[in-house]
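Chemist: coordinates for the following, if possible.
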Amino acid sequence: MTTDAEALDAYSRVVTHVAETVAPSVANLRLSSRGRVAGGGSGVLVTPDGFLLTSAHVVEGTGRRIRASFTDGRELSVRVIGTDPLSDLAVLRADDAVPAPAPLGDAAKLRVGQLVVAIGNPHGFASSVTAGVVSALGRSLPTRSGTAVRMVDDVIQTDAALNPGNSGGALVDGRGDVVGINTAVAGVGLGLAVPVNATTRDIIGALMRDGRVRRAWIGIAGGARPLPPRVAAALGRKRAVEVVEVVEGSPAARAGVRPEDLVVAVEESPVHGVNDLQRLMTADRIDREVVLEVVRGGERRRLRLVPRELPSGRR
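Modeler: Numbers count the residues shown, from 1 in each chain. So this is what the prediction gives:
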């Protein structure tokens, strides 16, 4: 049987290994405007050609210079390639030689209770490391861009405390893979991280390639509600999205969507809540006809509409 001392020593070895491996890839970001400090945070280098990930809220604003400092003493100028406030992710790039990047993992493989390490660089040349466990998975984090509000799904909650200046830093698993980008403090001793998973990898790729993320828009506002028992039994599910508002002149309005309609599917993909609807409004649906399945007056209807690109500030 493993003794407490041996278990603690093994725990320490994992945390030490992760810190020594990943901390050199985590940068302190200092923003300045007109010669004055205008904010800061952390970022993590993820490619050998200089791409860094951070939180969008860390680098929000225009006309700011950004300097990235690493623990090996390098201090580099970096530029914003793209930001996506609705996922709270941003991609930066340094054009000069950079340290070795940190590998990206897959947050979909995380389990509650698993060891994670939060690594930031709040001071420039010395990293900040806190260790803990995944305390909850599947949390949702509301984000905003103008009047557009979106829920970031599958947010990681951890008791690895986030220190000031750690926003935008790396949440790392015991193998040394980055599984999240630290984004917010959820309460005393709790932090939240945007997961690195298939969805966010697509967002990161779009930011690297295009500098922005395109999303489809149909022009409705609504909320989750239970389905009537007869409809729930027929569909084999319990919840849908009730349409509260239809934007005038929107794709939904032209297709005949009405307030109080219950959206149950998009192209046969089930819709249980607003998050499902947002997740299904991907760039490949822009300007392409889709079938929206709704329940109206207890009867199922299939409405055809053509989503447009989500404009800045739209819901």
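
Chemist: can you get me the start-to-end distance on stretch 70-79?
Modeler: Taking Cα to Cα, to the nearest Å as the measure, stretch 70-79 stretches 16 Å from start to finish.

Chemist: in that stretch, which residues are buried?
Modeler: If you call a residue buried by 16 or more other Cβ atoms under 10 Å, then stretch 70-79 has these buried ones: 70-71, 74, 76, 78. Yep, even glycine has a C-beta here, placed from its N, CA and C like the rest.

Chemist: that stretch - what's its average pLDDT?
Modeler: Stretch 70-79 shows a mean pLDDT of 93.

Chemist: which residues are contacting that stretch?
Modeler: 23-29, 43, 45, 50, 52, 65-69, 92-99, 121, 124-127 (Cβ atoms under 8 Å, 6 or more residues apart in numbering).

Chemist: state which helix of this protein is the longest.
Modeler: Identified as the longest helix of the chain according to DSSP state H is helix 4-22.

Chemist: what packs against the helix or strand following that helix?
Modeler: Counting by DSSP states H and E, the next helix or strand C-terminal to helix 4-22 is strand 26-33. On a contact count with 3 or more Cβ pairs under 8 Å, 6 or more residues apart in numbering; DSSP states H and E, strand 26-33 meets strand 36-45, strand 65-69.

Chemist: sheet-wise, list the partners of strand 26-33 with their directions.
Modeler: Partners of strand 26-33 in the sheet, by DSSP bridges, are strand 36-45 (antiparallel), strand 65-69 (antiparallel).

Chemist: and that strand, what's buried?
Modeler: Buried residues in strand 26-33, defined by neighbour count with 16+ other Cβ under 10 Å: 26-31.

Chemist: again with stretch 250-262
Modeler: Here stretch 250-262 shows 250-253, 255, 257, 261-262 as buried, counting by 16+ other Cβ under 10 Å.

Chemist: count the neighbours of the closest residue to residue 247 other than its chain neighbours for me.
Modeler: Nearest non-adjacent residue to residue 247, counting by Cβ to Cβ, 6 or more residues apart in numbering: residue 219, 3.7 Å away. The tally of other residues near residue 219 (other Cβ atoms under 10 Å) stands at 22.

Chemist: swap in residue 238?
Modeler: Applying other Cβ under 10 Å, we find 12 residues neighbouring residue 238.

Chemist: residue contacts, it?
Modeler: By Cβ under 8 Å, 6+ apart, the contact set of residue 238 is 226-227, 232, 272.

Chemist: and the pLDDT at it?
Modeler: Note on residue 238: pLDDT of 92.

Chemist: and which of the buried residues of stretch 70-79 is nearest to residue 15?
Modeler: residue 71 (16.5 Å; Cβ to Cβ).

Chemist: how near is that closest one to residue 243?
Modeler: From residue 71 across to residue 243, the span is 52 Å (Cβ to Cβ, to the nearest Å).

Chemist: same check on residue 288?
Modeler: From residue 288 over to residue 243 (counting by Cβ to Cβ), the distance is 21 Å.

Chemist: and what of residue 45?
Modeler: 44 Å.

Chemist: burial of the residue lying closest to residue 102 once chain neighbours are set aside, as a residue count?
Modeler: Counting by Cβ to Cβ, 6+ apart, residue 102 lies nearest to residue 25, which is 3.9 Å off, once chain neighbours are set aside. Each residue near residue 25 was counted by other Cβ under 10 Å, and the total is 25.

Chemist: please save the CA atoms from stretch 234-245 in CSV.
Modeler: Output in CSV follows, covering the C-alpha atoms of stretch 234-245 (Å, rounded to 0.1, in the frame of the first residue of the first chain):
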residue,chain,number,x,y,z
ALA,A,234,-43.1,11.2,-29.5
LEU,A,235,-39.6,12.8,-29.7
GLY,A,236,-38.0,10.9,-26.9
ARG,A,237,-36.7,14.1,-25.3
LYS,A,238,-37.9,16.5,-22.6
ARG,A,239,-36.8,20.0,-23.5
ALA,A,240,-36.6,22.4,-26.5
VAL,A,241,-36.0,26.2,-27.1
GLU,A,242,-39.1,28.4,-26.9
VAL,A,243,-39.0,31.3,-29.4
VAL,A,244,-39.6,34.5,-27.4
GLU,A,245,-38.7,37.0,-30.2
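
Chemist: stretch 109-118: end-to-end distance?
Modeler: First-to-last residue span, stretch 109-118, Cα to Cα: 17 Å.

Chemist: give the buried residues for that stretch.
Modeler: Within stretch 109-118, the residues scored as buried using 16+ other Cβ under 10 Å are 110, 115-118.
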